[in-house]
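> Quick one: sequence plus predicted model below, questions after.
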Amino acid sequence: MATERPQSSEKHKLTLETAEIAWSELKRHFASGRLISIHPDLDLVDVAFSFSEDDRVQIKLWLDSQRLHPVTDN
């Protein structure tokens, strides 16, 4: 049986994996339509955690309120 990691441990891991990234490294994600924009009032680690936990309810709330949306060239 798999042991679940505590939320704070997962968030700590995500924090350690967070860094600035050059646009040149993001271009392929943008081109494939997989780049999202996160509203400045959201915490990047909280959003990443919601994705890692497949929290569809929270993600849908952010999408519906336009606080999370795909990046386009418009």
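Yes, it's here.
> for the residue most central in space within the chain, helix, strand, or coil?
In the chain, the centroid-proximal residue (C-alpha atoms, centre = their mean) is Ala48; its distance is 3.6 Å. Judged by DSSP: H, G, I helix; E, B strand; the rest coil, the three-state class of Ala48 is helix.
> Where do the helices of this protein begin and end?
Assigned by DSSP state H, the helices in the chain fall at 7-16, 23-31, 44-52, 56-64.
> tell me the contacts of Ser37?
Applying C-beta atoms under 8 Å, 6 or more residues apart in numbering to Ser37 gives the contacts 68-71. Quick note: C-beta positions are derived from backbone N, CA and C, even for glycine.
> Could I have the CA atoms of the helix or strand bottoming out on mean pLDDT in the chain written out in CSV?
Among the helices and strands of the chain, helix 7-16 carries the lowest confidence by mean pLDDT, DSSP states H and E, at a mean of 89. Output of helix 7-16 as CSV, limited to C-alpha atoms (Å, rounded to 0.1, in the frame of the first residue of the first chain):
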residue,chain,number,x,y,z
GLN,A,7,0.6,18.2,1.9
SER,A,8,3.4,20.4,3.3
SER,A,9,6.0,17.9,2.1
GLU,A,10,4.6,18.0,-1.5
LYS,A,11,4.4,21.8,-1.4
HIS,A,12,8.0,22.0,-0.2
LYS,A,13,9.1,19.7,-3.0
LEU,A,14,7.2,21.9,-5.5
THR,A,15,8.8,25.0,-4.0
LEU,A,16,12.3,23.6,-4.5
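> ok, the residue nearest to the centre of the chain to Val71 distance?
Ala48 sits 16 Å away from Val71, going by C-beta to C-beta, to the nearest Å.
> what angle sits between the least confident helix or strand of the chain and helix 44-52?
Helix 7-16 and helix 44-52 are oriented at 120 degrees to each other (axes from the mean of the first three to the mean of the last three C-alpha atoms, to 10 degrees).
> Great, nothing more from me.
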